[in-house]
Each structure stands twice: as C-alpha cells, then as structure tokens.
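In: Task: produce atomic coordinates for the following.
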Amino acid sequence: MRVMIGMSGGVDSSVAAALLHEQGHDVVGVTMRLWGGESDTGCCSVSDVDDARRVAQQIGIEHVVFNFAEEFNEHVVQPYVDAHQSGITPNPCIECNRHLKFERFAERADELGFDAVATGHHARIGTHTNGRLRLERGADLAKDQSYVLHMVTAARLEHTSFPIGHMTKDEVRSHAARLGLRTAGKPDSQDVCFISRADGREHFLGNRIPLRSARVVDRSGSQLGEVPSVEMVTLGQRRGLGVPGGGPVRYVIGVDVSDDEPTVVVGDADDLLVSSQKVHSTTWVDEPFEGDALAQTSAHGEPRPCRVTSIGDQELQIDWGLRSTRIAPGQSVVLYDRTNTWVIGGGIAERSPL
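Out: Residues are numbered from 1 along each chain as shown. This next block holds a predicted model:
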C-alpha cells in the first residue's frame, strides 16, 4: 500500500513512519511547511523540518516538503487573529487539523495516487457492530489526541492510519531509541507553532491588530480595574485583570469588545456555572446524534455527562445534568459515547448569556 505520512519532526510521526516501513508499505514522508514567519516552537521551525528529513533518511524512505503556507494563513492564522479581535478564544490546532492535515494534505495524497495518509497522532480507528469505522481514543489516555481529530469523518478514516495509536508514549520513545532515531528524546511540542516563545501571543497579535484597553466591571457595572488589551482576555480568566488584591477571587464571565467601550465583566465562581451550552459548526464522524453522551471541552479535560439535542443546521444544545462551568466561546466541544471510548462528533461553543 502506498502511504503518505505527515512528518512533523517529532518522535511520534518518526515512529509512525518507521512502523509503516517495517510493515512493508511504500511510504513517503511529507513535512508540511505551514508558517513562513518566525518560529522557535511547534512543527514549523527549520530544525523540525531538518529532523523529519534526517529521520526519513535513517528509516530509508523518501522525504518531501509541501508548502501550504498560504492555506495555513487563510484557515488558521487569520481566523486566530480575527477571533481574538472579536473576543473569542480560538483553537488553532483543531483548525489546522481540519483544514490542513485532514483536508489539504489528504487532497494532495489523492492527487498523487496514494492509497492512504498517516499521522503520528495518538488515536485509533475501530469498528462499530454494523461494520462502520469509528474514531477511538488512543491507548495512552494521557496523550490521547482524539479531541483534536473529531472532524475526521468515517469516510476519511477508510484511507487513514494512526500507526502509534495502540502504543503508550514510553513505548513510542523506546521504539525510536531501538532504531536510533534522532528524535527519540525530543520533547513534545506544547505551544502554538506560529507564536514564538521569545515574543509571545500579545506581541504576535499587537503586530496585526490594535490592542485596546478595557474597563473591568462587576455585574452591577461598577468599575474595579482596567486591562491593557481586551483582545487578550478569555472567559474564566482570574489573573491579570488589574483588580486590587485582598478581595474575593473574581473570574471573567463576559467580554464585550464593542468599539464604543470595551468591557470585561467579572464575577464569582458561581457566575461561571450554566445549565446548558449551545454549539455551532457541528461535524459528525458518522451519523448525526441526539441523546446521552459525554462532552469534552479541552484537549485533556475531564468528559462531562450531557444530553445532546439538535436545534438547527449544525447547531446543538448541550444540557448538563448539573450546572457546569461555562465554555469559552470559540473552544471545541467534542462528544464521546457514554463509555468514553469513541468520538461521535463535535462543534464550537457559542457565547453564553450572562
């Protein structure tokens, strides 16, 4: 089988490529050049591309680089900036998977006549009792990445492989060490790849949009302080709000980025609790779903029991059994079956009214 595997320069994709080669597949490693600006982290730095190329040489497979910088800027970077300007908290890694790694990458593989694509994600592909494919959590739950892959459809899974999904991270590193791969001890990437550690998010955004100060008020409208950049504030935040210390802990419960007078509303922990959450832009791995499920609201968050109801085209209402913490608008809500094994689908959190 001809397989095109995405190689980011990390240990997971390195071992995934090696396993496919060991299994006798015709494998080509591809590094996607996504970000053309400064980068000292993630999978976009020059050193990461070089690591991927050198590992491919060690394994004995061809390696090429695809330049998807224009698509990356259109579908990931610019929406990230626009979201912050609108008071929304984006998830760029999910949008990168959606538009680049499991759309543009797969399209290029189809154009070049490959039978399948593969990545080094910690996730597995299973089968329902009716024979339909499903996306399952990786064997190493501490490293599971099914949350960020929830947009991958059953149809795409038929031509997709996650070679390390059955392995723990320790097993992946051990396998890399046995093969002598240069990435065996390389640390995992933790940050947004297009934002450098040296400069940070505020510098990145400040070079692209005007950052505006905002009043910090309580629910009655009384001013408590001021923040220098309302575009940097997110729901649930409790630090960096310019509020004098010594009083009760306050959390951001609302962000208004209106042109007239940007405002951040703060309250106590109870003000963050809601009984339901609306979700838009829903996608399904297989069939649309309504009923009891588990909802995960961050990459490694604890799944919450919920009931799912369709309220419109690609729109859902998530009802919690007990009041639950608000989800920052723009963050993904991913639905799992009640056994917490496989992904049903997911969408993007809307703003919750105060």
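In: State the three-state secondary structure for Glu70.
Out: helix (DSSP: H, G, I helix; E, B strand; the rest coil).
In: So, low pLDDT: which residues of the chain?
Out: 37-45, 190 (pLDDT under 70).
In: If we use 80, what do you get?
Out: Applying pLDDT under 80 to the chain picks out residues 36-46, 189-191, 197, 245-247, 259, 353-354.
In: Domain-wise, how is it divided?
Out: Per automatic domain parsing, the domain ranges recorded for the chain read 2-120+163-179, 210-267.
In: Of the ones you listed, which stretch is the most buried?
Out: Of the domains of the chain, the one with the most neighbours on average (mean count of other C-beta atoms under 10 Å) is domain 2-120+163-179, at a mean of 19. Any C-beta I mention is one placed from the backbone N, CA and C, and that applies to glycine too.
In: Give the bridge partners for Ala116, please.
Out: Beta-bridge partners for Ala116, by DSSP bridges, are Val3.
In: My error: substitute Tyr336 in the last question.
Out: Counting by DSSP bridges, Tyr336 forms beta bridges with Leu294, Val343.
In: chain center to stretch 323-335: distance?
Out: Offset of stretch 323-335 from its chain centre (C-alpha atoms, centre = their mean, to the nearest Å): 14 Å.
In: Please apply the same query to stretch 67-86.
Out: Per C-alpha atoms, centre = their mean, the displacement of stretch 67-86 from the mean C-alpha position of its chain is 14 Å.
In: same question, stretch 84-94
Out: 11 Å.
In: Then stretch 289-304?
Out: 15 Å.
In: Let me see the residues that make contact with it.
Out: Identification of contacts with stretch 289-304 by C-beta atoms under 8 Å, 6 or more residues apart in numbering yields 93, 142, 144-145, 147-148, 305-310, 318, 320, 324, 327, 331-338, 340, 344-345, 349.
In: Any quick PyMOL command for the buried ones out of the residues you listed?
Out: Buried residues among these (16 or more other C-beta atoms under 10 Å), as a PyMOL selection:
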select buried, resi 93+144+145+147+148+306+308+318+320+324+327+331+332+333+334+335+336+337+344+345+349
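In: what about the longest helix in the chain?
Out: Scanning the chain for the longest helix, with DSSP state H as the assignment, gives helix 46-59.
In: Give me the distance from that helix to the chain's centre.
Out: 24 Å.
In: now the domains of the chain as JSON lines including distance to Lys186?
Out: JSON lines is the format used below for these (distance: least, C-beta to C-beta, whole Å):
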{"stretch": "domain 2-120+163-179", "distance to Lys186": "5"}
{"stretch": "domain 210-267", "distance to Lys186": "30"}
